[in-house]
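1. I'll drop the sequence and a predicted model, then ask my questions.
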Amino acid sequence: MAKQDDPNAAVPVTRRMPKAPIEKIGGRKLKPATLMMGHGYDPELSEGALKPPIFLTSTFAFENAAAGKRFFEGITGKRPGGSDGLVYSRFNGPNQEILEDRLSVWDEAEDALVFSSGMSAITTVLLANVNQGDVVVHSGPLYAATETLINKILGRFGVTFLDFPAGASPSEVASLLEQAKAQAAANGGKVAIIYLESPANPTNALVDIEGVADARRQVFGTDNAPPIAIDNTFLGPLWQQPLKHGADIVIYSLTKYVGGHSDLVAGGVLGSKAHMDPIRAIRNTIGTICDPNTAWMLMRSLETLELRMTRAGENAEKVCAFLRDHPKVEGLGYLGFIDNKSQQDIYDRHCSGAGSTFSLFIKGGEAEAFRFLDTMKIAKLAVSLGGTETLASLPAAMTHISVPDERRAALGITDNLVRISIGVEDPDDLIADFDQALAAV
């Protein structure tokens, strides 16, 4: 290979492809489901292997010292945009980079980063944006661990927060942002980030992303405005693409739909390079990157993402049609059957599908909900969602038990709210299971 100080030298051979990736045939832009089969990977660089190997190495050999210097300039942020090559597995690796390339396709994002868990992704995003004295503005409810992170952990370092309900109007959000701006100024900080979760966990309430973006513009203008980050786990990337509606940073628990088989834990963050660079720098420092084996498993899962999510969504629609009028069901938090005009408006503008995770309100309280959960045969009593199997849990007693009782009540997380994630089983079998479980209540 040519020496690196030769101006005509080739980039050192890594997984980075010497050829331009195939993204079009003729004038037709290839769809994400097609690109998942090979985007970001050249078999010629890995002995012709059809699928990327798992690169189990802690470090990577540089072609020469000049290359090592150039790569570290990217890693350390002396040059923006990340490294030109592979350095060390805490920073990057072939499996992680191919996965990041493919993840960015779905949301049409400029850049993507992968993490060891959804919470490590969320934590790294917040650490990259928040300083002492700053204010975080967020929607509610949030996943309980996210709320704990913002309230209790960042609170230890002088960070405060203000929150608004998921269905708040743009004017209500603007009013809260003005309050946050004043609070931040009094604390010697800034409004650091606007953090959303939509649909909210576990109520399925939608946030008006476009409305929040309008409110931000009204309060901050277009310069030095806080970024809008959103946890899109419940619907994305198939049923909602927040970057198209005003969000700057999209966050996923890749454990859920993207992984899709309940056999891994990982997180992802997508957005512009300008927003990803400081997040990448923090990830490089604290080591929250996804491991090579998990990245490889996620690449496998991306190949069937559209198939799995489509089937699960179709199943959920059939199951919810059965549950909707059942005498022992008090209500449904399912996006296919919205009975609120403003929520329907958000859904129509932001979403392309109702998803397969919903809240089921059993008539009664905790005892009735426990009876229902304990009687299910096909559905598994377990937390998480987005897998091939149907899962059911009771957030008030499980995932959100750490949230104070008064706040749970205010957020609508009641003792009879059962969170359901529908899988890819036969829908008639699932309906039979729900029917017999409800009969036992």
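-> Perfect, I can see it now. Numbering: from 1, shown residues only.
2. Isn't Thr233 up against Gly386?
-> Yes - using C-beta atoms under 8 Å, Thr233 is in contact with Gly386, at 7.5 Å. Quick note: C-beta positions are derived from backbone N, CA and C, even for glycine.
3. shared neighbours of those two, which are they?
-> Common neighbours of Thr233 and Gly386 are listed as Lys256, Tyr257 (criterion: C-beta atoms under 8 Å, 6 or more residues apart in numbering).
4. so who does Pro395 touch?
-> Pro395 is in contact with Asn201, Pro202, Ile413, Leu417, Arg419, counting by C-beta under 8 Å, 6+ apart.
5. Scan those and report the most crowded one.
-> Within the contacts of Pro395, neighbour counts (other C-beta atoms under 10 Å) peak at Pro202, which reaches 29 neighbours.
6. and it, what is it in contact with?
-> The contact partners of Pro202, by C-beta under 8 Å, 6+ apart, come to Pro141, Gly333, Ser359, Pro395, Thr399, His400, Ile413, Leu417, Arg419.
7. Look up how far Ala266 lies from it.
-> For Pro202, the distance to Ala266 (C-beta to C-beta, to the nearest Å) stands at 21 Å.
8. now Gln183
-> Per C-beta to C-beta, Gln183 is found 35 Å from Ala266.
9. Which of these two has more residues huddled nearby?
-> The residue with more neighbours, out of Gln183 and Ala266, is Ala266; 27 against 18, by other C-beta under 10 Å.
10. which residue packs closest to the more buried one, ignoring adjacent ones?
-> Nearest residue to Ala266, sequence neighbours excluded (C-beta to C-beta, 6 or more residues apart in numbering): Leu254, at 4.0 Å.
11. I'd guess Arg300 is in a strand, am I close?
-> No - Arg300 is assigned helix when assessed by DSSP: H, G, I helix; E, B strand; the rest coil, not a strand.
12. Now do the strands in the chain.
-> Per DSSP state E, the chain carries strands over the ranges 24-25, 28-29, 111-115, 135-140, 160-165, 191-197, 228-231, 249-253, 267-271, 329-333, 357-362, 380-381, 391-393, 417-421.
13. Nearest to Phe220, out of those?
-> For the strands of the chain, proximity to Phe220 was assessed by C-beta to C-beta; strand 191-197 is nearest, at 7.6 Å.
14. Who are the packing partners of that closest one?
-> Helices and strands touching strand 191-197, by 3 or more C-beta pairs under 8 Å, 6 or more residues apart in numbering; DSSP states H and E, are helix 118-129, strand 135-140, helix 170-186, helix 209-220, strand 228-231.
15. what's across from the residue most central in space within the chain in the sheet?
-> Residue closest to the mean C-alpha point of the chain, counted by C-alpha atoms, centre = their mean, is Tyr252 at 1.3 Å. Counting by DSSP bridges, Tyr252 forms beta bridges with Gly268.
16. Endpoints of stretch 391-399, how far apart?
-> The first residue of stretch 391-399 is 13 Å away from its last residue (C-alpha to C-alpha, to the nearest Å).
17. so who does the residue nearest to Cys290 when sequence neighbours are not counted touch?
-> Excluding the flanking residues, the one nearest Cys290 by C-beta to C-beta, 6+ apart is Val114, at 4.1 Å. By C-beta under 8 Å, 6+ apart, Val114 lies in contact with Gln96, Leu99, Glu100, Leu103, Leu254, Ala266, Gly267, Gly268, Ile289, Cys290, Ala295, Leu298.
18. wait, which of those is closest to Ala109?
-> The closest of those to Ala109 turns out to be Leu103 (C-beta to C-beta; 7.7 Å).
19. Against Asp134, how distant is that closest one?
-> Taking C-beta to C-beta as the measure, Leu103 falls 28 Å from Asp134.
20. Between these two, point out the one with more neighbours.
-> Neighbour count, other C-beta under 10 Å: between Leu103 and Asp134, Leu103 has more, with 28 against 25.
21. contacting residues for that one?
-> Taking C-beta under 8 Å, 6+ apart, we find Leu103 in contact with Ala109, Ala112, Val114, Pro237, Val258, Gly268, Leu270, Leu302.
22. do that again at 10 Å, thanks
-> Listed by C-beta atoms under 10 Å, 6 or more residues apart in numbering, the contact set of Leu103 reads 32, 36, 40, 109, 111-114, 237, 250, 252, 254, 258, 268-270, 298-299, 302.
23. Spell out which residues make up each domain of the chain.
-> The record's domain parsing of the chain by automatic domain parsing lists 118-254, 305-439.
24. any idea which helix is longest in this structure?
-> Ranked by residue count and defined by DSSP state H, the top helix of the chain is helix 305-323.
25. helices or strands up against that helix?
-> Contact analysis of helix 305-323 by 3 or more C-beta pairs under 10 Å, 6 or more residues apart in numbering; DSSP states H and E lists helix 32-35, helix 94-107, strand 329-333, strand 357-362, strand 417-421, helix 427-439 as its packing neighbours.
26. buried ones in that helix?
-> Within helix 305-323, the residues scored as buried using 16 or more other C-beta atoms under 10 Å are 305-306, 308-309, 311-313, 315-317, 319-320, 322-323.
27. Same list (these) but as TSV, adding pLDDT and distance to Gly158.
-> As requested, the buried residues of helix 305-323 are arranged in TSV below (pLDDT from 0 to 100; distance: C-beta to C-beta, whole Å):
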residue	pLDDT	distance to Gly158
Leu305	98	40
Glu306	97	44
Arg308	98	43
Met309	98	41
Arg311	98	47
Ala312	98	43
Gly313	98	43
Asn315	98	47
Ala316	98	43
Glu317	98	47
Val319	98	47
Cys320	98	45
Phe322	98	51
Leu323	98	46
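28. Kind regards, and thank you for your time.
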